[in-house]
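Asks: Model the following, please.
(chains A and B)
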Amino acid sequence: MSLMIYDFEKPIAELEEKLSELQSLSEKTPETLAEIANLREKLLETKKNIYGNLTAWQRVQLARHIARPRSLDYINAIFTDWTELHGDRKFADDPAVVCGLAHFENIPVAVVGQQKGKDTRENLRRNFGMMHPEGYRKALRIMKLADKFSFPIIVFIDTPGAYPGIGAEERGQAEAIAYNIKEMFTLQVPIIVVIIGEGASGGALGVGLGDVVLMMENAWYCVISPEGCASILWRDRAMAPQSAEALKLTANDLLELKVIDEIIPEPLGGAHRDPEVAFQNVYKALSSHLQRLMQKSVDQLINERFKKYRQIGVFITRQDNSKNFSDKSALSAAAKKDEQSRG
Amino acid sequence: MVWFRKKKYTVLEAPQKKDRIPDGLWHKCENCLNILYKKDFEANFKVCPKCNYHQRLTCWERIDLLIDKGTFVEDNVDIYPADPLGFVDSKPYSQRLEEAQKKTELADAVVTGSGTINGYRVEIAVMDFRFIGGSMGSVVGEKVTRSFEHALEHNLPVIAVCTSGGARMQEGILSLMQMAKTSIAVARLNEARIPYITVLTHPTTAGVMASFASLGDVVIAEPNALIGFAGPRVIQQTINQILPKGFQLSEFVCEHGFIDIVVHRKELKKTLSTLLSFFTKTSPV
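Replies: You can find the predicted model right below:
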């Protein structure tokens, strides 16, 4: 297999190599055939063992795999008549995000996808999927177009973050993201967000407000990248595996925290090992959610969107307003006593 | 006999005790290092008269500065932070919270309430940088949102005084979602045509800047405040270039069109009340 593999995948790669060696033998004695069968079983078991017990950091690595399907791969596989529309009509066209119109099961939809490259050259052109303000403004322009003509919106998230550069700051990166979040809330059409790879911080949320948020099994979504968090809190980027664990950024964690609505399963070992299966799974999920959302009235849609985000957050409501911060155990005692309220 | 015999060791004499300078009489400007008479410094709203450096204010000093005496009523006082992820880095998040609460006597990094500004009734949310860098976690998000909702209910103009390093990492994705929650709260203010003014103070960056701080109908900033999305260090590391002078300071951001007015602290209250006079139909109480 020519796929790039990570350290934790080495036992699998070794078995695969042995297997292909045996299979390429021209003369197969009954012993070799038995050996092949044996190896196959062992391979499956090892795969299940490794991929079934991935750590948060291993999932982050899978989410970043260079061969992982990108937004355009999903778009080409799932939609028909894909027509890309360029530019924010204000400043420029940002290649880090692709926007356009397409048909999904004969329904016209608007699509926004953060686009990473497949190789270094494309990555440089796409800025590794890191958007500039003009990217956020382009996305909003297409989403407003969808709003005007009542097209549902489908967003694919895959970014290591909004681009931190001089031009981005000069053109108001923060304002572009804030304005997008605010405006996406008011759109009167269904919005489905699918996190297919990396979902880093405001860079993801800037196009990521949705009625339904779906997440691929090995994607990650968090307020900061594990490296960023490690370098700030641990003062050492090498602590990224620890911070990935602490940040609770995997699909399972986010489902538990009720930030996402559903996990889309991936083929064993990640979407890049069998992209067709990944496309199928995303297609199925989109289809069922879109049908459901399109039956809702605008009021109901916005109302539920409001409720969805209004209730996120965990804090303690304490009735005794004694501000006794000198009591060391105040917080922990209160945490134990009082009900941790959600929203 | 040796005339000048070398002493075997040098004896240092204890320095004579000088008259003690009483504590708290002088203040050293953090920026230009000039020594200032503290009373003058405080009379100048903690702005250095020599270099115009606006020293950070605590939320209570800010409320004193902006809100008419005796009119401030704090709300949302029953909300306290939790540790939803059980986050531990060099120390547990719960311990960080306890230390910050002890140091600042605040529940979290924002205080909300209502009061009057030169007679105009407003709802105000004031952030405090001392509390874990003014970072926004669930409590800041919730209190800001409730404060905006209170304004919506009582038809009050809203002022948000921001100072923050961004979202609170220790609450992971939940802190990111507070950006959505607060921005949606602003969308609802817009819908109801309730005036919303933000005041950006040093520093306002990342998660807070990329949500409710950017979204004011009028955006005011104090001079020389660091305002932006990514921190200067991150940008420098990414692009590997020296950043231009004044990059991401209020005046720079104003020049690029993302701030309406840069206002000196001593003019801030007056500017706010003038703005309020345009937006509110009722005359001051």
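Asks: burial measure for A:L25, as a count.
Replies: A:L25 is flanked by 10 other residues according to other CB atoms under 10 Å in any protein chain shown. Backbone N, C-alpha and C define where each C-beta goes, glycine included.
Asks: mind showing which ranges of chain A have poor pLDDT?
Replies: A:1-2, A:320-343 (pLDDT under 70).
Asks: residue boundaries of the strands in it?
Replies: Under the criterion DSSP state E, chain A contains strands at A:80-85, A:97-104, A:107-114, A:153-159, A:191-200, A:212-216, A:220-222, A:262-264, A:314-317, A:340-342.
Asks: For stretch B:159-167, what is the distance to the chain centroid?
Replies: 6 Å (CA atoms, centre = their mean, to the nearest Å).
Asks: how about that stretch as PDB, C-alpha atoms only?
Replies: In PDB, the C-alpha atoms belonging to stretch B:159-167 read as follows (Å, rounded to 0.1, in the frame of the first residue of the first chain):
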ATOM      1  CA  ILE B 159     -22.900  48.600  26.200                       C
ATOM      2  CA  ALA B 160     -20.300  45.900  26.200                       C
ATOM      3  CA  VAL B 161     -16.800  46.800  27.500                       C
ATOM      4  CA  CYS B 162     -14.500  44.100  26.300                       C
ATOM      5  CA  THR B 163     -11.000  42.900  27.300                       C
ATOM      6  CA  SER B 164     -10.100  39.400  26.600                       C
ATOM      7  CA  GLY B 165      -7.400  37.100  25.400                       C
ATOM      8  CA  GLY B 166     -10.000  34.900  23.700                       C
ATOM      9  CA  ALA B 167     -12.000  31.800  24.400                       C
END
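Asks: Report the mean per-residue pLDDT for it.
Replies: Stretch B:159-167 shows a mean pLDDT of 95.
Asks: center of the chain, which residue is that?
Replies: Just going to use chain A. Geometric centre of chain A, nearest residue: A:I195, 2.5 Å, by CA atoms, centre = their mean.
Asks: nope, chain B please
Replies: Note: chain B centre (CA atoms, centre = their mean) maps to B:T163, 3.1 Å.
Asks: In a strand, that residue, correct?
Replies: Yes - assessed with DSSP: H, G, I helix; E, B strand; the rest coil, B:T163 lies in a strand.
Asks: Might you report the residue contacts of A:G161?
Replies: A:130, A:200-204, A:225, A:228 (CB atoms under 8 Å, 6 or more residues apart in numbering or on different chains).
Asks: Which ones among those also lie next to chain B?
Replies: A:201-202, A:228 (CB under 8 Å from any CB of the partner chain).
Asks: follow-up on the earlier one: deepest in the core, which of the strands of chain A is it.
Replies: Greatest average neighbour count among these goes to strand A:220-222 (a mean of 29), per mean count of other CB atoms under 10 Å in any protein chain shown.
Asks: so where do the helices sit in the stretch 151-300 of chain A?
Replies: Assigned by DSSP state H, counting those that start in this stretch, the stretch 151-300 of chain A shows helices spanning A:166-170, A:173-186, A:201-205, A:226-229, A:240-247, A:251-256, A:275-294, A:298-310.
Asks: List the buried residues in the second one.
Replies: Using 16 or more other CB atoms under 10 Å in any protein chain shown as the burial criterion, the residues of helix A:173-186 that qualify are A:173-185.
Asks: Next, format the residues you listed as JSON lines and append distance to chain B.
Replies: As requested, the buried residues of helix A:173-186 are exported to JSON lines (distance: CB to the nearest CB, whole Å):
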{"residue": "A:Q173", "distance to chain B": "4"}
{"residue": "A:A174", "distance to chain B": "4"}
{"residue": "A:E175", "distance to chain B": "4"}
{"residue": "A:A176", "distance to chain B": "8"}
{"residue": "A:I177", "distance to chain B": "4"}
{"residue": "A:A178", "distance to chain B": "4"}
{"residue": "A:Y179", "distance to chain B": "7"}
{"residue": "A:N180", "distance to chain B": "9"}
{"residue": "A:I181", "distance to chain B": "4"}
{"residue": "A:K182", "distance to chain B": "4"}
{"residue": "A:E183", "distance to chain B": "8"}
{"residue": "A:M184", "distance to chain B": "9"}
{"residue": "A:F185", "distance to chain B": "5"}
